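**Q** pasting a predicted model and its sequence here:
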Amino acid sequence: MILIKNITIITQNPKRQIIKKGALVIEKDRIKAVGQSQKIEKKYRKRAKKVINGQGKVVLPGLINTHTHLAMTFLRGYADDLPLEDWWFKYVYPIESKFTANHVYWGSLLAMLEMIKSGTTCFTDFYYYQDQVARAAYQIGMRGVLGCAVLDAPTFYFKTPAQALKNASLIIKRYSDNDLVNVSLAPHMFQTTSLKTYQECKKLAEENDLLLTTHLAETRQEVNYCLKKYKQRPIEILAKAGILDQKTILAHGCWLTKKEIKILAQSGASIAHCPVSNMKLASGVMPLIEMLGVGVNVGLGTDSACSNNNLDMFGEMKTAALLHKVYQLNPTLANAQTIFDMATINGAKALGLAEEIGSLEKGKKADLIILDFRQPHLIPYYNIVSHLVYAAKGSDVETVIIDGKIVMEGRKIKRVKENKVLNRIEKFVL
């Protein structure tokens, strides 16, 4: 049993309650109690095997990255300052052909180190060799969704979509009853993936009660491609094909019309907003305010380290808030609480895990992070949530607990030798 005492708790419960001088108790993998420190300490202090003094600190739900490509940390800083189509087709896709399962394992482990050290406790990956991603997640102790990429175009992992689906089926079977990692189907995008392949992915996802995630309406070129080939816009195509529902996550969504946003809201599908990547690749600005206005669930994602160029969700929150204010010349839009929701409870909803993670409530999984607020850039504070979005940094994260286990304490990763990972990555030559 772990007792965290005398700390400010950002619960993210339905009332968005903030508890000052609070305490939280973890038993096994669950939160056993949340409340005032004096009362909680009196009841649990003698039973706790570990006590964390939270003086000057803040505890909050672990951040949830709803869209990324972990192994592409190998390509951080590679092919910068290019439009998406040139970036991917001319540079990224060719160099990825040199990747092996070993690259995916080490690249994913490096990404997980970065995410944990900046406060992310759960990820949604979108890549290949997901057994290697799972291997890394088990080793470091991180929660995640293994997105099995499916394309009609050949890759270093498969040559045909049929082979991709066969590989995905094996991953599904292997991790069907797993508590730490789940599996999803990840058809790539319309320029590389046929509608028939999308439908086959959805069929496999439905047969196994899994999520389906895809890139959608990321660029104007993608929309034009859909209009030329299918005579419809992207959302209309997926809706007509029966692919949009509550178990669908769409990444980017920069070029959606009001009609498409309405269809999206009615379907119950979620959006993974990736503002930094969209800005860097000049893909466009997602119509966030319009989506929120009709009830679309929006999570937050970093995309890959190749198009971001980091996986720090604190930076992503600040960018998201500022982008939409200046884009619509309205400082009241995308307020701190709205953005913080996107990085926590909304992300949990997108993954179908809102009953398990995304807030600090009794009975939920113990996925949480502790920030040291005794920092020059965090004092004084009038609004803690505002500080989390506009002032905090990933480097302020001191302790990370996932599934009730301490995976980082005092900024030291517990289960992986960080220097070993960094040294190994430096030896890879692409």
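**A** Arrived safely. Residues are numbered from 1 along each chain as shown.

**Q** got the CA coordinates for the strand or helix carrying L227 in PDB?
**A** Per DSSP states H and E: L227 is located in helix 220-230. Output in PDB follows, covering the C-alpha atoms of helix 220-230 (Å, rounded to 0.1, in the frame of the first residue of the first chain):
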ATOM      1  CA  ARG A 220      -6.100  19.300 -48.200                       C
ATOM      2  CA  GLN A 221      -4.400  16.900 -50.600                       C
ATOM      3  CA  GLU A 222      -6.000  14.000 -48.800                       C
ATOM      4  CA  VAL A 223      -9.400  15.500 -49.100                       C
ATOM      5  CA  ASN A 224      -8.900  16.200 -52.900                       C
ATOM      6  CA  TYR A 225      -7.700  12.600 -53.300                       C
ATOM      7  CA  CYS A 226     -11.000  11.300 -51.700                       C
ATOM      8  CA  LEU A 227     -13.100  13.600 -53.800                       C
ATOM      9  CA  LYS A 228     -11.400  12.400 -57.000                       C
ATOM     10  CA  LYS A 229     -11.500   8.700 -56.200                       C
ATOM     11  CA  TYR A 230     -14.700   8.300 -54.100                       C
END
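
**Q** buried residues in it?
**A** Residues of helix 220-230 classed as buried by neighbour count (16 or more other Cβ atoms under 10 Å): 222-223, 225-226. All C-beta spots, glycine's among them, are computed from the backbone N, C-alpha and C.

**Q** between the residues you listed, which sits nearest A137?
**A** Comparing these against A137 with Cβ to Cβ places E222 closest, at 30.5 Å.

**Q** can you pull the contacts of that closest one?
**A** 189-191, 215-216, 234, 255 (Cβ atoms under 8 Å, 6 or more residues apart in numbering).

**Q** got a winner among those residues for most neighbours?
**A** Among the contacts of E222, the one with the most neighbours (other Cβ atoms under 10 Å) is L216, at 30 neighbours.

**Q** for that residue, which non-adjacent residue is closest in space?
**A** The spatially closest residue to L216, leaving aside those adjacent along the chain, is L250, at 4.3 Å (Cβ to Cβ, 6 or more residues apart in numbering).

**Q** next one: the lowest-mean-pLDDT helix or strand in the chain to chain centre, how far?
**A** Ranking every helix and strand in the chain by mean pLDDT, DSSP states H and E puts helix 84-86 at the bottom, with a mean of 84. Distance of helix 84-86 from the chain centroid (Cα atoms, centre = their mean, to the nearest Å) equals 23 Å.

**Q** what packs against it?
**A** For helix 84-86, not one helix or strand is in contact under the criterion 3 or more Cβ pairs under 8 Å, 6 or more residues apart in numbering; DSSP states H and E.

**Q** how many residues are close by S176?
**A** Residues near S176, counting by other Cβ under 10 Å, number 12.

**Q** one more: K15?
**A** Using other Cβ under 10 Å, the number of residues around K15 comes to 7.

**Q** over to L151?
**A** By other Cβ under 10 Å, the residues close to L151 number 22.

**Q** residues contacting it?
**A** Contact criterion Cβ under 8 Å, 6+ apart gives 161, 164, 187-188, 192-193, 197 as the residues in contact with L151.

**Q** pull the CA atoms of whichever strand or helix holds K42 into CSV?
**A** K42 is part of helix 37-44, with elements assigned from DSSP H and E. The C-alpha coordinates for helix 37-44 follow below in CSV (Å, rounded to 0.1, in the frame of the first residue of the first chain):
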residue,chain,number,x,y,z
SER,A,37,-4.9,14.2,4.4
GLN,A,38,-5.6,14.4,8.1
LYS,A,39,-8.5,11.9,7.8
ILE,A,40,-6.7,9.6,5.3
GLU,A,41,-3.5,9.5,7.2
LYS,A,42,-5.2,8.6,10.4
LYS,A,43,-6.9,5.6,8.8
TYR,A,44,-4.1,4.3,6.5
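
**Q** tell me the helix or strand right after the least confident helix or strand of the chain.
**A** Once the chain leaves helix 84-86, the next helix or strand it forms, by DSSP H and E, is helix 93-96.

**Q** which strands or helices does that next one pack on?
**A** Packing partners of helix 93-96 (3+ Cβ pairs under 8 Å, 6+ apart): none among the helices and strands.

**Q** so who does L264 touch?
**A** Counting by Cβ under 8 Å, 6+ apart, L264 makes contact with 235, 244, 250, 253, 256, 271, 291, 296.

**Q** highest neighbour count among those residues?
**A** I271 (32 neighbours).

**Q** that residue in helix, strand or coil?
**A** strand (DSSP: H, G, I helix; E, B strand; the rest coil).

**Q** and the residue nearest to Y390 when sequence neighbours are not counted, how many neighbours?
**A** Closest residue to Y390 apart from its sequence neighbours, by Cβ to Cβ, 6+ apart: K318 at 5.7 Å. By the measure other Cβ under 10 Å, the count of residues near K318 is 21.

**Q** can you give me the helices for the stretch 101-250 of the chain?
**A** Secondary structure of the stretch 101-250 of the chain (DSSP state H, counting those that start in this stretch): helices at 101-117, 130-140, 161-174, 195-207, 220-230, 234-240.

**Q** quick revisit: the helix holding L227 - what's its average pLDDT?
**A** Taken as a whole, helix 220-230 has a mean pLDDT of 97.

**Q** cool, and stretch 410-424?
**A** 95.

**Q** export it to PDB, keeping only CA atoms.
**A** In PDB, the C-alpha atoms belonging to stretch 410-424 read as follows (Å, rounded to 0.1, in the frame of the first residue of the first chain):
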ATOM      1  CA  GLY A 410      13.000  11.400  -8.100                       C
ATOM      2  CA  ARG A 411      13.200  11.500 -11.900                       C
ATOM      3  CA  LYS A 412      14.900   8.100 -11.900                       C
ATOM      4  CA  ILE A 413      13.400   5.400 -14.000                       C
ATOM      5  CA  LYS A 414      13.000   2.300 -11.900                       C
ATOM      6  CA  ARG A 415      12.900  -0.700 -14.300                       C
ATOM      7  CA  VAL A 416      15.100   0.300 -17.200                       C
ATOM      8  CA  LYS A 417      18.700   1.600 -17.200                       C
ATOM      9  CA  GLU A 418      18.300   4.900 -19.000                       C
ATOM     10  CA  ASN A 419      21.900   5.200 -20.100                       C
ATOM     11  CA  LYS A 420      21.900   1.700 -21.600                       C
ATOM     12  CA  VAL A 421      19.000   2.700 -23.800                       C
ATOM     13  CA  LEU A 422      20.600   6.000 -24.800                       C
ATOM     14  CA  ASN A 423      23.900   4.300 -25.600                       C
ATOM     15  CA  ARG A 424      22.200   1.600 -27.600                       C
END
